[in-house]
Structure formats: structure tokens, C-alpha cells
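Chemist: only the shape, not the letters, is given here:
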């Protein structure tokens, strides 16, 4: 519901909002220009009488004097049969600039408020303002949901760039957009007369019928400082029934042209002041700096519109059409999908296709459509549950837990829960865990224990598919490619071998980068720009499922380098280690933007074991700015598998690495990298105190061991790895 | 082109005896290129002493801006009942407003004066920019305005 409330107004109004925002941002500059150009009023407390006298001396035919909220004073006169007007220097009363707004500003203003369509356009523009208001409010709620609560609104974001950009910009600009849209709606209502106005000018009172009082002899003009002036209109020449009409910050009325006395006066009403303030807040006239800030914030709208449409298009692509699904009552297998961005639907489609191919009758529905009473012939319910942000239910699963009552009567249908999530979040697959727990509490039998798929890993999904197939007696080979990237051929140019002596064959493989023609750059094909820490997906022969390896080089280095060790029975690692220079593999790129040193000069703690050294070596290689990087590296034996040993010595010598600590598990000491960390606990604690970021790369067991040691090291500072993770100061790349 | 029995909008004392003797009059107001948004115009009649008699036409749809038609507003206190059914769109720079209405014969050659107040957003008010006596002899003669109106003429 909340998401629809954000998505549909956003998509429908995107183009309109871009036009309104860009024109608004451009208009925001004018009040600032006007303020800068306005001649400064140097005399404090200059009275209106003095100013009017100065102007009348220069322009005897003066008819009207106005003061804009910016402080600019404009005089209008009629002399020698022609009208004239100018911005006035209050010190002299002489004109110093043109009084007319530039045609460009007027053009922009008409575009901004009515799209050149007069009242119809005003209503459309107001609808745009209403859409902005709805988008701001629903967007705020979505951000709160994503980050895990209103108090965590400013938490660090994860996920694809478009989504992060969308939220980052929204967090900066939402305040301005709320203010601008609310004031816009008010101003439209005011234009159409739905807002109470002031009473308007007073009726012209009876006057003395005399003329000729000197401006300097009029008490009201003498007492009114120029800063309070809004408008002074002179009586029409030779009209004895006319009077001076004066409007100031406090009220308006008439002054007799014979006696100089006030003949009628009314104080400004409350509504008038409200309307004036709202006008100022929206246009920046009288508040130029605020106007510029609002204008800058409005510039976020085009970016948000672009990224928003982008996310929608890709979300839709991620939800494939499924063939051969059946109604809930006819199905033997119920597939329930809890997806936020839509990627889990892709997995569901793969599973549905495989099950249907195996002869099962499958019904697919979002989790929120859960209706066990209708599952008359169901033999199993499969729940594919993503987790949104910090363990929150995804959009298509809203209300599922509330509806998850005890299973209906005796016909108990077993349940399978598969969680999708990102293990770099503290609450990995938190929602799936919650679902599985609630289901067992309510008495639903579990066909399989809860399993998880990390970061859309096709391997995790395939493995679960085999388990699930075994449990239901159907051989299942699930091949799901989340985004089905096009792979290209990479040729090995060199390899360095390690580890044969310790029965752990390992190699650093370096591939040539194919030239990337312009059309590939434009269409985003081929190997795009990459940095150390991004992932290289290798598609082995004989399996369509890719394996991912962390890159130890950046595109700038001119080659793609990975570290591979032979897994027992591993198809892909076997093929890679059998490559000779000149051989080629199929590969593609997968961005991994969270795993790299944050910008800045803070120290970096690099912790790796085995082939996990790859990306960290890449970070060190790039560290020509000599930021303090400290490496802890665990290998088996210094003579056999000390990957990048030579480079590390060189990098340490030229300052790219501040310190290197190695441990070896196959020497007499039998130490793991965790042991070295514990030993260096005080040093690490100090580095963290100095703002260090921790990057860990290695196997799951090693990462868990490192987290354990760091928990102990951080405890005296009142910190935990989870707290550092939340700030992006503790990132892992584990396999 | 609007044809209206605008005489009805004038004060009954003036119009009643002459109602049978009315003739169609075409008022043509041509705006100059003043470089602003659409102008609000009020076309109305006063007697020789300047006392308001009635309105013929108001161009511009939003009554909240009528106060800028200052002379007309002063005479009518902005009472929109004065102009019920005789309003239209504002008139853009360089455009022409033509209205045809039945005016009582008694209005002509009797000292009555036709006024036009003009106002444009963010620009000066221009009360009584046109003030021409209604005479049979003056028909068809163009009168220049002061600020926004290039010329005005009435034709019988």
C-alpha cells in the first residue's frame, strides 16, 4: 500500500515534477540576484517622507513608489506623456536600473505555475505539488521502514546504486520539497479564492478638497521607515477627491493631500500576514538564502525521478511472466513470495518452471495473499521470503504473520521457508527466520529446516533446490540467473602458483582485458569499470551457474586478477587451475560496492586468510596516497602459499602498506589470523579508536572467528562488530 | 465578440427612459507590447463629474486582483454584483479586445465619460488609462492609452 502510494504518483507525475522542480530551481536564483543588485540603503531609519521627497525631486510626475520584499524600491512616474519606471537608489532618489522583470523570469514563472496553460495549468501544477507532498510523506515512511525505524532515518544505506542515490538525495531534499509543495498548494488555493484574504483597500473617505501639502510635512510619512513601506500611490493630478494611498507592513489607508493627515487607516489582517509569509517561503522573495536552499533541494527531483523510474523498470523486469500456474484450490504446491524489489519473484519463477516441468501443479501468489482455507489439494507450501532492510517484512508479505493462524483442522500441509537476504546486514534473513519461527509455534510442520540464499546467490538456490527436490521426491536442478548477465571471453595472460607443497593448490590468475568498443561502453556491455573488491563471475563449462571470485585489480590496472584455490570436487576452481596462459574462460562482472575502503584518510584494517587476500592486495596496490593500511594475513606456510608475498614487501617499503602481520597454520606455531589479531588487540583497539575501517575477506569460519576476536577487542570501548557494521566500518566478503 | 444588453448594467435611472432607443456599439481596445502577463481591464462609465454610473465589461477572471483596477474598485468597492455576466479573460500584450453591446442613446452627447482601468501582474496599476467622452462625433476615433493600451475606439 505504502509502496503503491509512492510508486504510482511518482511514475505518473515524474515528468511534470521534473519540469516544476527545474523551473523552480531556476527561479530561486532571481531573488538572490535582485538582493545583490539592489542599491543598499545606507541611512539607518531613512523615513518614507525623505525618500518620497527625493524621488519627487528627480521625477516630479511620480505616481507610485513600491518596496519589494528584497528591499528594492521601484518608482513609477508619468512625465511628458510617457510612463516611466526604475529601481531607485534611496540615497539619491534617482533611477539605477530597469523596473521590469526580465522576460526570461516571467517565462519561467508562467511555466512553473501554470505550464503556460492558465487556470488549467495551475490546477495541473497544483496536482504536481500534491504529488510531491504525497511522495515526500510516503517516501519518508518507506525510508524509515527500510532503515529500521524513524530514529534510524539517517542510517547508512546498502543495495544497488539507483536505490541508494534515490534515498540519499531524498533525505537531503525532503524538507525543502515538503515546504515548497505545501506552500504551493496554499498559493494555488489563494489564487482560486479558497483562502481568506484581507478585506482589500478601504473605500475612499471624504477628503479636505485641498492640495499641496509637502511630503515632508505629512506625519505618517515622516514616521514610517522606508523598511516598512509596501506601496505609496500619489493622488491623481487635479483630482481634488483623491488622496495618498499608503500600504505598510502594519496596515493601509489614505492620507489627505491637503492636510497631510491620515483620513482612513486599517491594520493588516492576520490572513494577509499568513499569505505574505507563505509567499515569501515559496518564492524566496524577502528570504533569498532560503530560496536558494529550496532551489538546490528541488534539483534533487530530476535525479529522484530518474532513479525512481529506473528502479520501477528493473523491478518489473525482475517479475517474470509465469506459464502454467493453476488456481489455489487445484494446486499441489503453493508458492508464496515475499519480495520487496521484485528479485525474489525471479527465483519463484525458476522454481515454478522447474516444478511444473516435473509434473507438479503450482500456484504462485504474494505472501500477503496467504489463504490456507483455499489450499484444498495442497501437499506443501513453499515460502520464499526476502527481508527488507533491517529484518522488516517485504512489501508483498505485509500482514502475512497476522494471518498465519494455526493450520486448518487435521489436513496439515507442511511448510518450507527459504529466506533471501544479504549477509552483510546484522539481521540476515531476519524476516524469514521470524516466519519460520511463527509457523512452528503455530503448529505447522516443516518439510525442511529454514535455508537461506545470500545476495541472490544462484549456488545457494541450486543447493536448496536439490534438498527440496529430495524431500518431495522430485529431482530438481534449479538454475536461476538473477540478472542473466552476458558473459564475455577472458584470456589468461599469466598465473603464479602457490600451495602445492601444502596440498592446497592455489593460483593468482591474471586475465587480459578485452578492448571495449564505444558501443559496449554506451550500452553497458562488456567488462565495465571495476575496482578491487568487485566480483568476477566465472561460468564454468558444464554448468550454467556462475561462481564468483573477488577481483584483486581495478580496470585501471589493465588486467583482471583473481585468487583461486582448488576446492575438493570443485568444478569451476578445477577448470580455472587447469588454465594455461592463452586459454580463455567465460566471465562477467558483478559490482560489490560495499566492500572497499571508505573515502578519507582514516586507517584501514585488512584481514584475510587464504585467497581472501586477493581484493585486499588490490586495495593496497591502489593505495598510492599512502593512507595507513594495516594487513593481517593468515596462510599455511611462508614458503608455499604466501600469496602476494613479494608485492607486500615492496608495498610496505614504498608506504602503500603500513604494516603486514602474517600467521601460518602449518608451521610449528600453528597460528591462525585470529590468533594474531588477539595478540595485537591493543594496536587494533587504538586503530579503531582512530576511526579505522575493518575489511575482512576469507572463508565463513575465518570470518566468524575474526568477528569473535574483534568482539572481545572492541568490548572495552563499548563497541561491537554489529555497531561498526551499521556504520559501514566493518565489512566482510566471505565465501 | 460579445453582444450584450449592457445597458441593463447601467443605473436604471439613466437607462430606463432610453431603453427602447439603444444601438449596438463596438468597443475595440488594442493592447501594446508592454511585456507582461495578461492585463486586467475594467470598462465603465462615469458622468461628467466623475461619478460612477455603471460597468460595461471587466476583463480578468479573478476577483482578488480587482483592487488593482483602482478607480473602478474605488467606485464599486469591488462589488462583483456590478459585473455579473459581463466578465471575460484577461487581455494579453499586443492583443485586441472587441466587445459589442447595446448602449442607450441617452449615454451619448450627454457628458458621460467612458473609462478603462488597466492592471498587470508585478507592474504598475493604470487607473483611468482611457477616459473618453461618449459623443456621436467621437465614434470611430482612436484614443491612445497611457501605459498598456495602444488605442481605444468605439464605433456605432
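Modeler: Now that the structure is in, tell me what you want to look at. Given the structure is predicted, the values throughout are model-derived calculations rather than measurements. Residues are numbered from 1 along each chain as shown, chains lettered A, B, ... in the order given.

Chemist: where's residue 24, which helix or strand?
Modeler: Using chain A here. helix A:2-27 (DSSP states H and E).

Chemist: wait, chain B was what I had in mind.
Modeler: Taking DSSP H and E as the criterion, residue B:24 maps to strand B:22-31.

Chemist: next one: residue B:44
Modeler: Counting by DSSP H and E, residue B:44 is part of strand B:40-46.

Chemist: buried stuff in stretch A:213-226?
Modeler: Under the neighbour-count criterion of 16 or more other CB atoms under 10 Å in any protein chain shown, stretch A:213-226 has A:213, A:215, A:218, A:220, A:221, A:224, A:226 buried. Just so you know, the C-beta spots here come from the backbone N, C-alpha and C atoms, and that holds for glycine as well.

Chemist: can you list the residues that contact that stretch?
Modeler: For stretch A:213-226, contacts defined as CB atoms under 8 Å, 6 or more residues apart in numbering or on different chains pick out A:41, A:45-53, A:56, A:67, A:73, A:90, A:232, A:244, A:246, A:248, A:255-262.

Chemist: pull out the buried members of those residues.
Modeler: By neighbour count, with 16+ other CB under 10 Å, the contacts of stretch A:213-226 hold A:41, A:46-52, A:56, A:67, A:73, A:90, A:232, A:244, A:246, A:248, A:255-257, A:260, A:262 as buried.

Chemist: and those, which of them are in helices?
Modeler: Under the assignment DSSP state H, the buried ones among the contacts of stretch A:213-226 contribute A:48, A:49, A:50, A:51, A:52, A:56 to helices.

Chemist: of the residues you listed, which is the nearest to residue A:435?
Modeler: Closest approach to residue A:435 among those (CB to CB): residue A:48, at 73.4 Å.

Chemist: now do the same contact list for that closest one.
Modeler: By CB under 8 Å, 6+ apart, the residues touching residue A:48 are A:221, A:222, A:224, A:225, A:226, A:228, A:229, A:232.

Chemist: hmm, try it at 6 Å
Modeler: Contact partners of residue A:48, counting by CB atoms under 6 Å, 6 or more residues apart in numbering or on different chains, are A:221, A:224, A:226, A:229.

Chemist: and if you look at residue A:704?
Modeler: Contacts of residue A:704 by CB under 6 Å, 6+ apart: none found.

Chemist: pretty sure it sits in a helix.
Modeler: Yes: counting by DSSP: H, G, I helix; E, B strand; the rest coil, residue A:704 falls inside a helix.

Chemist: so which strand or helix has the closest residue to residue A:548 other than its chain neighbours?
Modeler: Closest residue in space to residue A:548, ignoring its immediate chain neighbours: residue A:535 at 4.4 Å, by CB to CB, 6 or more residues apart in numbering or on different chains. Assigning secondary structure by DSSP H and E places residue A:535 in strand A:535-539.

Chemist: cool, and residue A:585?
Modeler: Applying DSSP H and E as the criterion places residue A:585 in strand A:584-590.

Chemist: mind listing what's buried in that strand?
Modeler: Buried residues in strand A:584-590 (16+ other CB under 10 Å): A:585, A:587, A:588, A:589, A:590.

Chemist: where does chain B dip in pLDDT?
Modeler: Within chain B, the stretches with pLDDT under 70 are B:1-20.

Chemist: chain A contacts on that one?
Modeler: B:64, B:67, B:74, B:77, B:78, B:122, B:124, B:146, B:147 (CB under 6 Å from any CB of the partner chain).

Chemist: can I take it that the third one is in a helix?
Modeler: Yes: per three-state DSSP, residue B:74 lies within a helix segment.

Chemist: what separation do you get for it and residue B:122?
Modeler: 22 Å (CB to CB, to the nearest Å).

Chemist: and the most centrally placed residue in chain A, what helix or strand is that in?
Modeler: The residue lying closest to the centre of chain A (CA atoms, centre = their mean) is residue A:167, at 2.2 Å. Element membership for residue A:167, per DSSP H and E: helix A:161-191.

Chemist: rewinding a little: and the strand holding residue B:24, what's buried?
Modeler: Buried residues in strand B:22-31, counted by 16+ other CB under 10 Å: B:22, B:25, B:26, B:27, B:28, B:29, B:30, B:31.

Chemist: now the angle from that strand to strand B:40-46?
Modeler: Angle of strand B:22-31 versus strand B:40-46, following axes from the mean of the first three to the mean of the last three CA atoms, to 10 degrees, is 140 degrees.
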